[in-house]
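Novice: Here is a sequence together with a model predicted from it:
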Amino acid sequence: MARRGERLLIAAGLLLCASLCRAGEPDFGSERASDDARYAAQHILTNADHDQRPFAIVDKREARVYVFDATGRLSGASSALLGLAPGDTAIADIAQRRPASLMPHERSTPAGRFESQPGHNDKGEAIVWVDYAASLAIHRLRPAPAYERRAERLASPTPDDNRISLGCIVVPAAFYEAVVEPLLGRQRGVVYVLPETRPVQALFGADPLQLANR
């Protein structure tokens, strides 16, 4: 009995060790993610930056969204439509502006770490607020003027034509309902929008001088 107990303790220890060894390792499954997205996911999990909540990584350069559960396992990935204008900052008074008043160069998707929360837009549609004060959200594809070709842009194999929104992160309706809504649409989470005008490391507080000397 004593030997059997020892074997059980050893087995439990090995299982615990294997679990700890895997901790902090993002699981992208078979998804071919960019180096920036993988760096961000690794940093998030290693530092528990997501506070054990589900999180999403928005890779603007690739126009792609990755949604993870709290353990770092990828629940789904999708192409996304992003703000028409390149850039990583939102205009100061965007929350007081009517969408139609935004000039083309003001329609950007800001980069940063955002505490997301479920919510609704002014039409009652369920969305995920990324930054409520900046009117930034993840939402499903909606009807739009035919000339914008939003569905075609989402389906294209290149990110080059995915810049069309006012700034929000727009995903296919099926992806929103199957992946975004269950994880981020029912509880608070964290959304990381990766920068496109500076290195991804800058999002996590890396020293700009060190990055310049790399």
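Specialist: Perfect, thanks for sending it.
Novice: sec struct for the residue nearest the centre of the chain, please.
Specialist: Nearest to the mean C-alpha position of the chain, by CA atoms, centre = their mean, lies residue 57 at 2.4 Å. Counting by DSSP: H, G, I helix; E, B strand; the rest coil, the backbone at residue 57 sits in strand.
Novice: which stretches of this structure have low pLDDT?
Specialist: 1-23, 95-96, 99, 206-214 (pLDDT under 70).
Novice: can you pull the buried residues of the top strand by length along it?
Specialist: For the chain, the strand with the greatest residue count under DSSP state E is strand 112-120. Buried residues in strand 112-120, defined by neighbour count with 16 or more other CB atoms under 10 Å: 112, 113, 114, 116. Glycine gets a C-beta too; all of them are placed from N, C-alpha and C.
Novice: Settle this for me: the first one is touching residue 194, isn't it.
Specialist: To tie it back to what came earlier, the one meant is residue 112. No: applying CB atoms under 8 Å as the test, residue 112 and residue 194 come out as separate, 9.4 Å apart.
Novice: which residues do those two both contact?
Specialist: Here residue 112 and residue 194 share the contacting residues residue 203, scored by CB atoms under 8 Å, 6 or more residues apart in numbering.
Novice: In the chain, what residue spans correspond to strands?
Specialist: 55-59, 64-68, 74-79, 82-83, 112-120, 126-131, 136-140, 163-165, 169-171, 189-193.
Novice: Export these to a markdown table and append columns for distance to residue 102.
Specialist: Converted to a markdown table, those look like this (distance: least, CB to CB, whole Å):
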| stretch | distance to residue 102 |
| --- | --- |
| strand 55-59 | 20 |
| strand 64-68 | 22 |
| strand 74-79 | 23 |
| strand 82-83 | 10 |
| strand 112-120 | 19 |
| strand 126-131 | 16 |
| strand 136-140 | 13 |
| strand 163-165 | 11 |
| strand 169-171 | 15 |
| strand 189-193 | 18 |
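Novice: Identify whichever of the ones you listed lies nearest to residue 89.
Specialist: Closest approach to residue 89 among those (CB to CB): strand 112-120, 8.8 Å.
Novice: What is that closest one packed up against?
Specialist: strand 126-131, strand 136-140, strand 189-193 (3 or more CB pairs under 8 Å, 6 or more residues apart in numbering; DSSP states H and E).
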